[in-house]
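S.K.: Provided below for reference: sequence and predicted model.
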Amino acid sequence: MALIKSVNGNTPSFGSNCYLAENATIVGDVVMGDDCSIWFNTVIRGDVNSIRMGNKVNVQDGAVIHCTYQKTKTVIGNNVSIGHNALVHGCTLEDNVLVGMGAIVMDNVYVEKNALIAAGAVVLENTRVESGSIYAGIPAKKVKTISPETFADQNERIANNYVMYAGWFKEG
């Protein structure tokens with residue numbers, strides 16, 4: 001069973017059909033929607049501010065989600081995929097966003113729907129990532145535009161796949 005802890009009177013809450021890996025850690029003011037999956041060695045720390053996640057969010061192995069005390073909350077929409085070893089900190093990710101493996105998304109970043117943060121990118125504080133865009137590099141910059149429908153379809157497919165993968169682990 002995942003490590004789930006209350007902090008300062010806040011206890012994480014989970015929607016229906018969520019999968020939490022046995023060594024995931026979820027603490028404090030965290031609210032998760034339905035069909036979410038939190039994978040191995042992931043840490044979601046709602047100890048210093050709130051973290052809100054929509055439906056069909058997958059947070060892959062080794063990722064960290066946090067926020068900043070009295071400054072930034074973390075808000076994550078629906079059908080969001082956060083790749084292995086990514087760091088998402090005090091920012092907003094709208095629906096159908098993909099954060100690539102090892103990417104860092106810093107405080108007060110706002111990622112519009114149907115956008116992709118490339119693997120290894122570092123999105124600096126106060127950046128606004130445009131819908132239908134791929135941001136890559138250090139610091140991350142817009143490198144490509146792609147149709148919002150393509151992003152929506154791709155991210156919906158990934159989100160649905162992670163619901164399926166989570167089912168494999170629930171069976172065992």
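M.R.: Alright, I've got the coordinates.
S.K.: near R128, how many other residues are there?
M.R.: Using other CB atoms under 10 Å, R128 has 11 neighbouring residues. Every residue, glycine included, has its C-beta placed from N, CA and C.
S.K.: can you give me the distance of the closest residue to it other than its chain neighbours to V97?
M.R.: Nearest non-adjacent residue to R128, counting by CB to CB, 6 or more residues apart in numbering: Y110, 4.9 Å away. Distance of Y110 to V97, given as CB to CB, to the nearest Å: 11 Å.
S.K.: tell me which of these two has more neighbours.
M.R.: The neighbour count for Y110 versus V97, taken as other CB under 10 Å, is higher for V97 (28 against 16).
S.K.: may I see the buried residues of the longest strand anywhere in the chain?
M.R.: Counting by DSSP state E, the longest strand found in the chain is strand 43-53. Residues of strand 43-53 classed as buried: 43-49, 51-53 (neighbour count, 16 or more other CB atoms under 10 Å).
S.K.: need those residues in CSV (columns: distance to N85).
M.R.: Putting the buried residues of strand 43-53 into CSV (distance: CB to CB, whole Å) gives the following:
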residue, distance to N85
V43, 11
I44, 14
R45, 16
G46, 20
D47, 21
V48, 22
N49, 22
I51, 18
R52, 22
M53, 18
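S.K.: circling back to that earlier point, as PDB, could you dump the C-alpha coordinates of the longest strand of the chain?
M.R.: Taking Å, rounded to 0.1, in the frame of the first residue of the first chain, the C-alpha atoms of strand 43-53 are listed here in PDB:
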ATOM      1  CA  VAL A  43       6.100  11.600  -4.400                       C
ATOM      2  CA  ILE A  44       3.100  14.000  -4.300                       C
ATOM      3  CA  ARG A  45       3.600  16.500  -1.400                       C
ATOM      4  CA  GLY A  46       0.700  18.600  -0.500                       C
ATOM      5  CA  ASP A  47       2.300  19.600   2.700                       C
ATOM      6  CA  VAL A  48       2.900  23.300   2.100                       C
ATOM      7  CA  ASN A  49       0.100  24.100  -0.300                       C
ATOM      8  CA  SER A  50      -2.600  22.300  -2.200                       C
ATOM      9  CA  ILE A  51      -2.400  19.900  -5.200                       C
ATOM     10  CA  ARG A  52      -5.500  19.300  -7.300                       C
ATOM     11  CA  MET A  53      -5.600  16.700 -10.000                       C
END
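S.K.: so in that sheet, which strands flank that strand, and in what orientation?
M.R.: Looking at strand 43-53 with DSSP bridges, its partner strands are strand 25-31 (parallel), strand 64-66 (parallel), strand 74-76 (parallel).
S.K.: and the gap between the residue nearest the centre of the chain and D95?
M.R.: Against the mean C-alpha coordinate of the chain, by CA atoms, centre = their mean, the closest residue is I82 at 4.4 Å. I82 is 14 Å from D95, where distance means CB to CB.
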